[in-house]
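Peer 1: Model the structure of this input:
(2 chains)
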Amino acid sequence: MRAFAAQIIPSDDGSPGAEEAGAVHFVDRALGMPAFANSVAVIRTGLADLDVRAGHIDASKVFAALSGGQQIAILRAIEHEPFFTAARALVVIGTFADPAYGGNKGGAGWMMIGIDHRPSYSAPFGWYDASLGQDAPRAVS
Amino acid sequence: MTQRVYAESETVDFVIVGSGAAGGVLAKELATSGFDVVVLEQGPWQQPSQFTHDELAVERQFELLNIAVEPVQTYRTTEAEPAKRNTGRLLAYRRGVGGSSVHYAANYWRFRPSDFNERSRWGPISGTGFADWPITYEELEPYYTKVDWEIGVSGAPGPFDAHRSRGYPLPPLPNKSSGVLLERAASRLGLHAQVSPMAILSKPYDGRSACMACGHCSYYGCEFGAKSSTLATVIPKAVTTGRCEIRAESTVFRVETNTRGRATGVVYWDRAGKERRQSARAVVVAANGAETARLLLLSASPAFPNGLANSSGNVGRHIMFNGHASTYGRFEHPLNEYKGAVASRVVHDFYESDEKRGFYGGGGIDARFPYGPIMFAATETPPDLPAWGREYKRTLRDYYTHTVRFMAHLTSLPAASNSISLDSEHRDSWGRPALRLTYRDHPEDVKAEHWFHDRTQELMEAAGATHVWRVPIPRSDGGVHLLGTARMGNDPRDSVVDRYHRAHDVPNLFVCDGSSFVTSGRGQPTMTIQALAFRAAEHIAGFARSHEI
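Peer 2: Sure thing, here's the model as predicted:
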């Protein structure tokens, strides 16, 4: 699951990905939650299948031990299957859900995509409203 | 807050089923007028401090909505088809004190005069029960103003607005980057972007705090009490009168009637599942366009074999959801649409139907991005970009804070063949027949969606988006605007309630909520639901005082 998560949202250029954000910790916990009970079997079967597919490439290796390129090739082959859909959703949720669920450690997922996470904000919110009156003409009559 | 508690043995003046946008207003107005009122609400009585920013629970798992606890509904496109378990959008509303006014986005557009007499001006439309309202904008205007001032609406008049007798009580909320971009686009196309009126406080008002721009409005409850839900506004006032009990976790399943054809009270399950009864001199049903219809149909009796107040056969019929069409755009600089209220500007140049377009329908186009990062990452990234891997991560980083959609909110036609009915083959957790939706988009509504889809794209291109992509228009297999299922009218053969919301068939039964709508408006119904509720309450109180109930 760790290797899978690292391919869905990889770490690069010093920026953490799903794995570093603790998405797998979330997935472990989520599979024990009633809301995700339907995903348990498909995730377990799918993870086992990743290792079987890895064995076809190199009989001595499990999925996690393959090179990045080999892992990506396997995921491309299954990206429309129910396992991939369910596991991808869990990784995404684990990366961005409230840290109280176990992933998104220290708000790493939010920081990754530029969210300045706070309980409240004040205007201006973005570049265009901040520059109102300078380059953006007002059209309201 | 302590409240007056009525004994079950007591016959109160009014029992109100539902505490949402309409029920809350009716409770406050009737209690303030000196009547004893019991409000029965299916869901819990949460306090604002209990609402969270938990995106997983709220946006992904619909923590606040009926569909989280009662997901079984059925769907078919015509009555000739067998209904199947609905796995689509479902009929969604919130259960809990304050109803869906707690989780709404709080767009408070008024209707216009044309909304009330469009059938006369446009003519008949095949396959529909298109009709005029039995009231006019001018009759409802004082109550729109009452909504503005009683609950707190922030806004400023726009160039095409209908007459208003009094200004807004609160100035507009801050304009967002999306609003600035919509203004820019509109100006380039010769259109007009006006302030979106919002039931969210831009300044402290009536003892409540101003909006903190936390960005969690749509689907969320407001923990600051700045969103003008009935939970934050009229319900505390109703309770303070000492004449109103809000009885939460009370699920009404039948309106009872006597041999004289009058309502005598309601039967409900309490939180422990025990069957209880509340007697009342009059019953007001304000349970939303889905549950109101179900309750009336479930209240069939020998005297009312097709359901209560259903001699016209129109209970559950003419359901309207409001059509939608959207285009996304990504911009060079950050917009940070995750901050602030849902929308700050709207283009109303296309509100009126126009024969030259070749179809019936109109709407408003606003700018909004009501997605937390989970929902955006899971389903909303551009379809032409990879959905996992290195490039996906770059997309999330480059798009989440830079993206907005321009969204058209549109009319829906009242087709008699589109309905909510009881599905006895599927039961909810109480054993009640499930809500069955029969719905097929009217061809005129589809034309309107396509036409407006093009307009949203033109606006997005004119705004200068660097990447533009259209959101596919889904089929209507559910919705959050539940309108028209017990409609108003002067003719008892063609409507369920009269112009005062009194059931044509039952003199002491009133129905007032989205079900009362004759036409759909342009996609923001709550303001009109509440104006109707203020107006209905005034008339109902008058009838009660003069012993005309």
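Peer 1: neighbours around residue 80, how many?
Peer 2: With no chain named, the answer covers chain A. Using other CB atoms under 10 Å in any protein chain shown, residue A:80 has 8 neighbouring residues. Just so you know, the C-beta spots here come from the backbone N, C-alpha and C atoms, and that holds for glycine as well.
Peer 1: Oops, wrong one, chain B.
Peer 2: 7.
Peer 1: so it is in which element?
Peer 2: Under DSSP states H and E, no helix or strand contains residue B:80.
Peer 1: what's downstream of the longest helix anywhere in chain A, the next helix or strand?
Peer 2: In chain A, assigned by DSSP state H, the helix with the most residues is helix A:40-57. The helix or strand immediately downstream of helix A:40-57 is helix A:68-78, counting by DSSP H and E.
Peer 1: check whether that next one contacts chain B.
Peer 2: Yes - judged by CB under 8 Å from any CB of the partner chain, helix A:68-78 comes into contact with chain B through A:72, A:75.
Peer 1: for that helix, packing partners?
Peer 2: helix A:2-8, helix A:40-57 (3 or more CB pairs under 8 Å, 6 or more residues apart in numbering or on different chains; DSSP states H and E).
Peer 1: Tell me which of those helices is the most buried.
Peer 2: Among the helices and strands packed on helix A:68-78, helix A:2-8 has the highest mean neighbour count (mean count of other CB atoms under 10 Å in any protein chain shown), at a mean of 22.
Peer 1: could you give the mean pLDDT of that helix?
Peer 2: Mean pLDDT, helix A:2-8: 97.
Peer 1: which residues are in contact with it?
Peer 2: A:17-19, A:23-24, A:27, A:47, A:50, A:63-64, A:68, A:71-72, A:75, A:87-88, A:91-92, A:94, B:388-389, B:392 (CB atoms under 8 Å, 6 or more residues apart in numbering or on different chains).
Peer 1: how close does the residue nearest the centre of chain A sit to chain B?
Peer 2: Taking CA atoms, centre = their mean as the criterion, residue A:92 is the residue nearest the geometric centre of chain A, at 3.4 Å. Distance of residue A:92 to chain B, given as CB to the nearest CB, to the nearest Å: 5 Å.
Peer 1: what is the orientation angle of the host helix or strand of that residue with helix A:68-78?
Peer 2: Here residue A:92, judged by DSSP H and E, is contained in helix A:82-96. Calculated by axes from the mean of the first three to the mean of the last three CA atoms, to 10 degrees, helix A:82-96 forms an angle of 120 degrees with helix A:68-78.
Peer 1: Run through chain B and note the low-pLDDT ranges.
Peer 2: B:1 (pLDDT under 70).
Peer 1: For it, give the strand that spans the most residues.
Peer 2: Longest strand in chain B, counting residues (DSSP state E): strand B:275-285.
Peer 1: can you redo the helices and strands packed on helix A:68-78 as a markdown table with distance to residue B:415?
Peer 2: As requested, the helices and strands packed on helix A:68-78 are exported to a markdown table (distance: least, CB to CB, whole Å):
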| stretch | distance to residue B:415 |
| --- | --- |
| helix A:2-8 | 44 |
| helix A:40-57 | 40 |
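Peer 1: Of all these, which one is nearest residue B:407?
Peer 2: helix A:2-8 (28.9 Å; CB to CB).
Peer 1: Dump the C-alpha coordinates for that closest one into PDB.
Peer 2: Output of helix A:2-8 as PDB, limited to C-alpha atoms (Å, rounded to 0.1, in the frame of the first residue of the first chain):
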ATOM      1  CA  ARG A   2       2.900   2.300   0.800                       C
ATOM      2  CA  ALA A   3       4.400   1.800  -2.600                       C
ATOM      3  CA  PHE A   4       1.000   2.200  -4.300                       C
ATOM      4  CA  ALA A   5       0.400   5.500  -2.400                       C
ATOM      5  CA  ALA A   6       3.800   6.700  -3.500                       C
ATOM      6  CA  GLN A   7       2.900   6.200  -7.100                       C
ATOM      7  CA  ILE A   8      -0.500   7.900  -6.800                       C
END
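Peer 1: Residue B:549 contacts residue B:282, doesn't it?
Peer 2: Yes - counting by CB atoms under 8 Å, residue B:549 does reach residue B:282; the two are 5.1 Å apart.
Peer 1: tell me, what residue is most central in chain B?
Peer 2: Note: chain B centre (CA atoms, centre = their mean) maps to residue B:481, 4.4 Å.
Peer 1: Any stretches of chain A with poor pLDDT?
Peer 2: Residues of chain A meeting the criterion pLDDT under 70: A:133-141.
Peer 1: Swap in 90 and give it another go.
Peer 2: Applying pLDDT under 90 to chain A picks out residues A:12-14, A:35, A:132-141.
Peer 1: picking up where we left off before, which strands and helices sit next to whatever helix or strand comes next after the longest strand of chain B?
Peer 2: Using DSSP H and E, the helix or strand that follows strand B:275-285 in sequence is helix B:291-298. Contact partners of helix B:291-298 among helices and strands, from 3+ CB pairs under 8 Å, 6+ apart: strand B:251-257, strand B:275-285, strand B:419-427, strand B:433-438.
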